[in-house]
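S.K.: Quick one: sequence and predicted model below, then my questions.
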Amino acid sequence: MALTFGTGPLGAHRGQWSFELPGQVWYLEDWPRRMRAVLGDQTVLDTRRAKLLHTAGSFAAHQFPLEDISKHLLVPIDDVSKDDLTVDDRVGPVSRFDVRVGERLGRGAVVAYLDPPAGAPPLAGYATVDFAAMDRWFEEDDPIYSHPRDPYHRVDVRASSRHVVIRHGDQVLAESRRPKLLFETSNPIRYYLPFADVRIDLLELSDTVSECPYKGDGQHWHLVLGEERIDDAAWSLPHPLPEGFAAAEHVCFYPEKLDTVVDGERIVDAQPEWATTTDEPIDDVSRGV
């Protein structure tokens, strides 16, 4: 996300380059960290030779040597006599596989590159593995949540004295001069307010819990004002990962659902182009807070 979305150097709202970018831009780098994927009781992938592909307008995608994927778990899709070939002009022909572990099936979870055309990333002999199709992922020995981390994605939480007011109509829902400002690569600033400065009596715990590999779970809150209810109006980080720890015991409100006023100026939230759902926070490419 950091390179390819939002204000990243390959994003739609990027800054200025000293030259004009071509139509198709990609960047491929080595990823020396050990990566493992598990389905059921079987290790589907175990490699120290992955690569990371950044393509303008797409999420950074890990590419794995096909020989580091457990071949006995792969089932070619369609008739093998047809070689299961699909042609994509950007990457050339590919071969697609299901992953089967006992009764478990990861449908179309592995896509292998066969003969990339000129100008495409040199990925012959590599494959992608669908993150969601696996039960567990590990980077070295640490579990990965939501999706693999992007090395160019950064999260910084800073104490601030900005005056932040959250309103709905004429009613003040929260007001603080001690917010924590969360700066996240290619994303708008997020204003986290201490619970003590929020009308907690107006918030109702939601069943929505999103995931972020950088900050941790996002526990959502509904706003209830008499007969009116605004679903998932805010979120907090009950079990933050280290990058988000300073924002623990704080609440962040969606500026597109409620008025957020900072030092007298109303914040107009710019939703990133990768945000495609409405039931999860839009401040992270993980499709979760």
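M.R.: Now that the structure is in, tell me what you want to look at.

S.K.: To what extent is V268 buried, counted in neighbours?
M.R.: Under the neighbour criterion other CB atoms under 10 Å, V268 is assigned a count of 9. Quick note: C-beta positions are derived from backbone N, CA and C, even for glycine.

S.K.: ok, now which ones touch it?
M.R.: P255 (CB atoms under 8 Å, 6 or more residues apart in numbering).

S.K.: Can you classify it as helix, strand or coil?
M.R.: Here V268 is recorded as coil under DSSP: H, G, I helix; E, B strand; the rest coil.

S.K.: Just give the closest residue to R48, not the sequence neighbours.
M.R.: By the measure of CB to CB, 6 or more residues apart in numbering, the closest residue to R48 outside its immediate chain neighbours is R34, 4.9 Å from it.

S.K.: who's in contact with that neighbour?
M.R.: Taking CB under 8 Å, 6+ apart, one finds 46-48, 138-140 in contact with R34.

S.K.: Please type out the PyMOL selection for whichever of these turn out to be buried.
M.R.: Typed into PyMOL, the line below selects the buried ones among these, using 16 or more other CB atoms under 10 Å:
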select buried, resi 47+138+139
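
S.K.: which among the contacts of R34 gets closest to P122?
M.R.: Within the contacts of R34, proximity to P122 (CB to CB) peaks at T47, which comes in at 17.3 Å.

S.K.: Could you report the pLDDT at that closest one?
M.R.: For T47, the model assigns a pLDDT of 98.

S.K.: From what I see, S206 and D231 are in contact.
M.R.: Yes - the pair S206 / D231 is scored as a contact, 7.1 Å apart, by CB atoms under 8 Å.

S.K.: okay, and the common contacts of the two?
M.R.: H222.

S.K.: For S70, state which of the contacts of R34 is nearest.
M.R.: Scanning the contacts of R34 for proximity to S70, where the rule is CB to CB, the winner is D46, at 8.1 Å.

S.K.: OK, contacts around that closest one?
M.R.: By CB under 8 Å, 6+ apart, the contact list for D46 reads 34-36, 68.

S.K.: Look through every helix and strand of this protein and give the one with the lowest mean pLDDT.
M.R.: Among the secondary structure pieces of the chain, namely its helices and strands, strand 85-88 has the lowest mean (mean pLDDT, DSSP states H and E), a mean of 54.

S.K.: List the contacts of V91.
M.R.: Residues 113, 116-117, 120-121, 123 are the ones in contact with V91 under the rule CB under 8 Å, 6+ apart.

S.K.: try it again with 10 Å
M.R.: The neighbours of V91, taking CB atoms under 10 Å, 6 or more residues apart in numbering as the test, are 53, 55, 111, 113-117, 120-121, 123-124.
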